[in-house]
Each structure stands twice: as C-alpha cells, then as structure tokens.
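Colleague: Here is a sequence together with a model predicted from it:
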Amino acid sequence: MDCNKLMMMMNIIALLVLLPPSLAVRPPAYSSSSIFREYIGAEFNGVKFSNVPINPGVDFHFILSFAIDYTVGSSYPLPTDGKFNVFWDAENLSPDQVNALKQSHRNVKVALSLGGDTVGNGYAAYFNPSSVDSWVSNAVSSLTRIIQQYNLDGIDIDYEHFSADPNTFAECIGRMIITLKSKGVISFASIAPFDDEEVQRHYQALWKGYGDAIDYVNFQFYAYDSSTTVSQFLSYFERQRSNYHGGKVLPSFSTDGSSGGLSPDKGFFSACNTLKTQGKLHGIFVWSADDSMKDDFRYEKRSQSMLVSPR
C-alpha cells in the first residue's frame, strides 16, 4: 500500500472516531418483521392475486387453500393416504398466474396449505394415514408434483381433524417437511393451530419433535370468542408463545364475518402496536382474501402499512 492510500485510510478512521454520538449507528428500540401472509382460493368466488394490494415494503406470502389428500370429483370424497390433490380455485389461481405474480412482485412468495376444515360438500377433512412411511412417501411425491407445477415456495399445515394420534401426526408431518426442505422443494413451512385441546395436542407434539423445521406459527387467534379484548388478546398471544417456544407466532384476524377473536375494528392493530414495541411482532396473517375482496382489502392495506412503519 502506498503512502497516499495509507494516509487516506487513517484520515477516514480519524473522522469516524470523532463523529458525534448523534450520528453513530444505533440499534432499533424494538425488533420486528414485515411478513404479511394471506390465505386465498378456498371459497371459489373469483378472487385473483391481482385483486389483492401488495405493499412493496413487506415480505408477502400468499397461501393457496387447500391441497387435501382426498379424492376429487366425487360426491363423497375419501382419504388417499397422503396423495394430495388441488382443492383451491385453480381456474383463477393457476400456475401461469403464480408466475405472472412473481414476475410483477419480487417481494411475493406463494405457498399451499394442507388439510383445512372441510372437503367437498362440507365433509370434515381428516388426517388419516395408513402408516407413517406410506403417508410420507405419498405426500412427498404428490406435493413435489404440485409445488413444481405451480412454482410454489412453501407449505402450511392446517389439519383440524384427526384420525391418528399426536405422535403419528408429528412423525408424518415432521418427516415430510424435512424431506421437502432437504430436497430443495420448499424453503419454508408453517403450521396453523388454534386453541382446541385436540388440535393443540397434535400440533404441540409436532412442535416438540420438529419445531426447528417450522418457520412460522399461523395461530388462528380468530378462533377465540368474539368478545376478546386487547388485554385478553395479548394474554392469549403470550400463552401461545409459550406453547410454541422459540417460534415466530403471528397474530391474526379473519374477514369472513363469522369468526371471533379480536377484530380490526375492536383493537387488533392496537394490540399489534404493543407487540411491535415489545419486539414480538414477527408479522400478521389474514383469513382470507376471498372474504376481504368485498371491502376492497381495507384491513390488508392497513396491516401492511403498520408492518412497514417505523413505529
């Protein structure tokens, strides 16, 4: 290094040392994330990706609802032991539309959700494997096909009914997630439990065995009573942070008009601001775009604006 370059470097170092404290780089007073996630396609009402407002400052995840391991095209669908089929509105949410969405919005990723509440004409969608090995093998094969066809990025687990014990559920889902990740088929995975004893038994067994492989907990806070207050919501949130210790638990609300919890017009955003100042807000998710279209996605817009605001 010649003398001139050496002197220049020394001058720069001296200036940095003499900078007043007001110009020094300081860590933020809180830590949070700008993940915004929204379920889409379950109600076949014509909603499209292009209908939903996307703030360029957030990491936006669409979650296609649902892929289910049940037969299609029959009046009485039957379980298929991990052989998944598409049950979302594939006409309006097709592979071509996924690709167009991603080309237009570099901050968007798309996942699919497994299970859900019902299949076909209102039949409960049960998790019903014949064995761990057979279900995992079938699930990995069928999901890889769908994920690659649609150019998807991740999966979400939303089984709400079970014909298997918690340990079997944990082994099936955990092994499936790890296999799909190790093969590079998906880059993230989430779970969507709610506060029901049977549901929690299954998902907490999964978390205990495979929590390190799960990136987000889409906890269905809208399954609580509609009389939920801000203070109760914050208490529920802490309880689920404890249940899914170390996980990124996301607060949520529903726009379908039938669910409970803390709604946006009764204090949801106030609760989220509290979580944000405490460094506990990892993002927000919404059920669902299908229902929000009638109100021009006003709460999606507000959620995303809040996530990207400094306070």
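Modeller: That came through fine. As the structure is a computational prediction, the values presented were derived from the model and not from experiment. Numbering: from 1, shown residues only.
Colleague: Residue 146 touches residue 84, doesn't it?
Modeller: Yes: with contacts counted by C-beta atoms under 8 Å, residue 146 reaches residue 84, the gap being 6.3 Å. From N, CA and C alone the C-beta is placed, and that goes for glycine too.
Colleague: ok, these two, which is more surrounded?
Modeller: residue 84 (24 against 17; other C-beta atoms under 10 Å).
Colleague: what's the distance between that one and residue 130?
Modeller: 15 Å (C-beta to C-beta, to the nearest Å).
Colleague: What's the local residue count around residue 42?
Modeller: Neighbours of residue 42 (other C-beta under 10 Å): 24.
Colleague: got a pLDDT number for it?
Modeller: Note for residue 42: predicted pLDDT of 98.
Colleague: now swap in residue 257 and tell me
Modeller: 86.
Colleague: what does residue 92 give?
Modeller: 98.
Colleague: wait, doesn't it sit right on residue 48?
Modeller: Yes: Residue 92 lies in contact with residue 48 (C-beta under 8 Å); the separation is 5.1 Å.
Colleague: quick one: the strands in the chain?
Modeller: Along the chain, the segments classed as strands by DSSP state E run 35-40, 59-68, 85-86, 108-116, 118-119, 123-124, 126-127, 154-159, 161-162, 188-191, 216-217, 252-254, 283-287.
Colleague: Residue 76 is nearest to which of those strands?
Modeller: Residue 76 lies closest, by C-beta to C-beta, to one member of the strands of the chain: strand 123-124, at 7.4 Å.
Colleague: That closest one pairs with which strands, parallel or anti?
Modeller: Neighbouring strands of strand 123-124 in its sheet, by DSSP bridges, are strand 118-119 (antiparallel).
Colleague: the helices in the stretch 1-150 of the chain, which residues?
Modeller: 3-18, 95-104, 132-150 (DSSP state H, counting those that start in this stretch).
Colleague: now the last one against strand 154-159, angle please.
Modeller: Between the axis of helix 132-150 and that of strand 154-159 there is an angle of 130 degrees, by axes from the mean of the first three to the mean of the last three C-alpha atoms, to 10 degrees.
Colleague: buried residues in helix 132-150?
Modeller: The neighbour-count check on helix 132-150 (16 or more other C-beta atoms under 10 Å) flags 132, 135-140, 142-144, 146-147, 150 as buried.
Colleague: for the second one, same thing?
Modeller: When burial is assessed from 16+ other C-beta under 10 Å, helix 95-104 yields the following buried residues: 97, 98, 101, 102.
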